[in-house]
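> Fold the stuff below for me.
(one chain, ligands or ions: 1)
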Amino acid sequence: MLMPRKKFIAGNWKMNTTIDEAVELAKGVVAAVGDCTDVDIAVCPPYTNLVAVGEAIKGSNIKLGAQDVHWVEKGAFTGKVSCAMLKAVSVEYVIIGHSEQRTYFGETNETVNKKTKAALGAGLKPIVCVGETLDERNDGKMETIVEAQVRGAFEGIERDGALTCTIAYEPVWAIGTGVNATPEQANEAHAFIRRILAEIYDDDFAQSMRIQYGGSMKPGNAKDLLGQSDVDGGLIGGAALKADDFAGIVKPA
Ligand code: PEP
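Residues are numbered from 1 along each chain as shown. Sure thing, here's the model as predicted:
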């Protein structure tokens, strides 16, 4: 029998918070939802704040995530951070292929695949982001784009490893815009992603993998989005920067 999918809420703090601000926010999250065991929860601060946030969440049920990783083990890659470096500071999750990485920093389906493989090899749990732009949706290309992103990310990745990943469906037009996908749009896209996963792996795999929704999720719309049958949590940007708002999303989950 398949295990029910436990909801998973992750906060992507992006390029926000100095170290003091990060610790304060992390403590706020711990105070609000740190003892919650019904939902998996992670916070993903900037690299410079990982150690301090790791200390602040110690002993709670909040896990630590990073916002990106490089696929090479070590060497002359100025500005990059490796999987081993993340592991060494107790990072458990890593966001890969965020649309901001794709749009501004040349991330491709191929680099997402390399990062996902490297992260899995190091025992990190990738949160693989996919999603179409507004033009792509309006041109009727949502499925084509998302399918290519999912197939690209998991190319050559064996089933057991892939199962430790989470997919975040994040329509680019909904990220940071205040315009969220409707619960029905989100659920439709998630169900589509499950169909692709069933083709790549199998039905049990597709039913087991967690798919988060991301894009202007906030306390006011979280209940409806999270109430959809194929929505297994959220990747939260703006609303993750206030402990009360973040908690207001974790609670309905
Ligand atoms: C994100 O960038 O992952 C995100 C979902 O942002 P926001 O919640 O601000 O739309």
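> Need the residues that contact stretch 72-85.
Applying Cβ atoms under 8 Å, 6 or more residues apart in numbering, the external contacts of stretch 72-85 come out as 47, 66, 68-71, 94, 118-119, 121-122, 124. To be clear about C-beta, it is placed using only N, CA and C from the backbone, and glycine gets the same treatment.
> oh sorry, the question was meant for stretch 127-139
If you take Cβ under 8 Å, 6+ apart as the criterion, stretch 127-139 is touched by 10, 65, 93-99, 112, 116, 141-142, 145-146, 149-150, 153-154, 165-175, 193, 212, 214-215, 235.
> In helices only, show me those.
Taking DSSP state H as the definition of helices, the contacts of stretch 127-139 contribute 99, 112, 116, 142, 145-146, 149-150, 153-154, 193.
> out of these, who has the most neighbours?
Neighbour counts for the ones in helices among the contacts of stretch 127-139, by other Cβ atoms under 10 Å, peak at residue 116, which reaches 28 neighbours.
> how deep is the spatially closest residue to that residue that is not a sequence neighbour tucked in, by neighbour count?
Distances taken as Cβ to Cβ, 6 or more residues apart in numbering place residue 126 nearest to residue 116, at 4.9 Å, with adjacent residues excluded. If you count neighbours by other Cβ under 10 Å, residue 126 ends up with 28.
> which residues touch the one residue in the stretch 151-253 of the chain that gets nearest to the ligand?
In the stretch 151-253 of the chain, the residue that lies nearest the ligand is residue 237 (2.1 Å; Cβ to the nearest ligand atom). Counting by Cβ under 8 Å, 6+ apart, residue 237 touches 12, 14, 175-176, 214.
> Now for these: which two are most distant?
14 and 214 (11.8 Å; Cβ to Cβ).
> So which of these two has more stuff around it?
Using other Cβ under 10 Å, the more surrounded residue of residue 14 and residue 214 is residue 214, with 29 against 18.
> thinking the more buried one is in contact with residue 235, fair?
Yes - counting by Cβ atoms under 8 Å, residue 214 does reach residue 235; the two are 3.5 Å apart.
> Can you pull the residues that touch both of the two?
Common neighbours of residue 214 and residue 235 (Cβ under 8 Å, 6+ apart) are 12, 129, 168, 170.
> out of the residues you listed, who's near the ligand?
Cross-checking the shared contacts of residue 214 and residue 235 against the ligand (Cβ under 6 Å from any ligand atom) gives 12, 170 as the overlapping residues.
> Let's have the shared contacts of residue 214 and residue 235 in a markdown table, adding neighbour count and pLDDT.
As requested, those are exported to a markdown table (neighbours: other Cβ atoms under 10 Å; pLDDT from 0 to 100):
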| residue | neighbour count | pLDDT |
| --- | --- | --- |
| 12 | 26 | 98 |
| 129 | 28 | 98 |
| 168 | 27 | 98 |
| 170 | 28 | 98 |
